[in-house]
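1. fold the following and give me the result.
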Amino acid sequence: MESFEAALPGRLAVVLRNVRAVREVYEYVEGGDIQKDLISAQQGIVRYLSQSLTVPDGWRRPYLDSDGIWLHPERKWNVPSGEAIRISVLVPSPVAVEEGEDRDASVNLYVPSWKLRERFSDSLKPHVPKAKGWIHTSDEPEGFAPGYPLGKWIRYADYAHEIGFDAAGFFQAIREALGELLQLETEIDRLIERAKATSAALPRKGTGGRIRPVRKPG
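-> You can find the predicted model right below:
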């Protein structure tokens, strides 16, 4: 005769064994409180980075907006659209339910809409520090949104332990990943300028001449 325990699917048995905690987590997520706490956590990360991360001269300090945590040079990574190539820290909900949504934190290079975006993004591939866990979008195309050619996952589960969540280790991992990406600053500078120079040298459609660079105001 089948035991009562064996009659329950394994995962359901786990849920029922922890039913009080499951209900509490469900109400926390569905009620929206988790989003408020994620904002508070990101504010804490910004404060930590402002105190612990060495930001190059001419860069904005880390700041938070509705899309995540950002840092970038004041001017030199600007593109014609008016936006800038930026470094982002994304800290999403660990229980995101929408298909395609991230469930882990990540540090990324963000490239806004720009006619040279694909060319520039492709040129990054030889410089990806894969040994340190970085991924180029061409290696994991389903895992990256458009405009994020380079990224590194900071997995929540790596810092979850029986006695709690290692927030110090999690914050430090974000800082270290940012430091690794900042080490590519000079190379990224060069690739941006090379992409712009290559574009300027291409013949204008319908002519055999060269495209004259457009002077920027100011």
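
2. average model confidence for the longest helix along the chain?
-> Longest helix of the chain, by residue count under DSSP state H: helix 33-52. The average pLDDT within helix 33-52 is 95.

3. how about that helix: buried residues?
-> Neighbour-count burial for helix 33-52, counted by 16 or more other Cβ atoms under 10 Å, picks out 34, 41-42, 45-46, 48-49. To be clear about C-beta, it is placed using only N, CA and C from the backbone, and glycine gets the same treatment.

4. and stretch 185-198, by the same measure?
-> The neighbour-count check on stretch 185-198 (16+ other Cβ under 10 Å) flags 188, 191-192, 195-196 as buried.

5. for the longest helix of the chain, name the packing helices and strands.
-> Secondary-structure packing of helix 33-52 (3 or more Cβ pairs under 8 Å, 6 or more residues apart in numbering; DSSP states H and E): strand 63-65, strand 68-71, helix 167-182.

6. now the ones you listed in a markdown table, with mean neighbour count, distance to Pro92 and mean pLDDT?
-> Converted to a markdown table, the helices and strands packed on helix 33-52 look like this (neighbours: other Cβ atoms under 10 Å; distance: least, Cβ to Cβ, whole Å; pLDDT from 0 to 100):
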| stretch | mean neighbour count | distance to Pro92 | mean pLDDT |
| --- | --- | --- | --- |
| strand 63-65 | 12 | 14 | 95 |
| strand 68-71 | 20 | 9 | 96 |
| helix 167-182 | 17 | 13 | 97 |
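
7. can you list these in TSV and add distance to Ala96?
-> As requested, the helices and strands packed on helix 33-52 are exported to TSV (distance: least, Cβ to Cβ, whole Å):
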stretch	distance to Ala96
strand 63-65	19
strand 68-71	14
helix 167-182	17
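
8. ok, which of the ones you listed comes nearest Val95?
-> Closest to Val95 of the helices and strands packed on helix 33-52, according to Cβ to Cβ: helix 167-182, at 16.6 Å.

9. okay, the angle between the closest one and helix 33-52?
-> Interaxial angle, helix 167-182 versus helix 33-52 (axes from the mean of the first three to the mean of the last three Cα atoms, to 10 degrees): 60 degrees.

10. list the contacts of the residue nearest to Tyr28 when sequence neighbours are not counted.
-> Spatially, and ignoring its direct neighbours in sequence, Tyr28 is nearest to Ile34 (5.6 Å; Cβ to Cβ, 6 or more residues apart in numbering). The contact partners of Ile34, taken as Cβ atoms under 8 Å, 6 or more residues apart in numbering, are 28, 93, 95.
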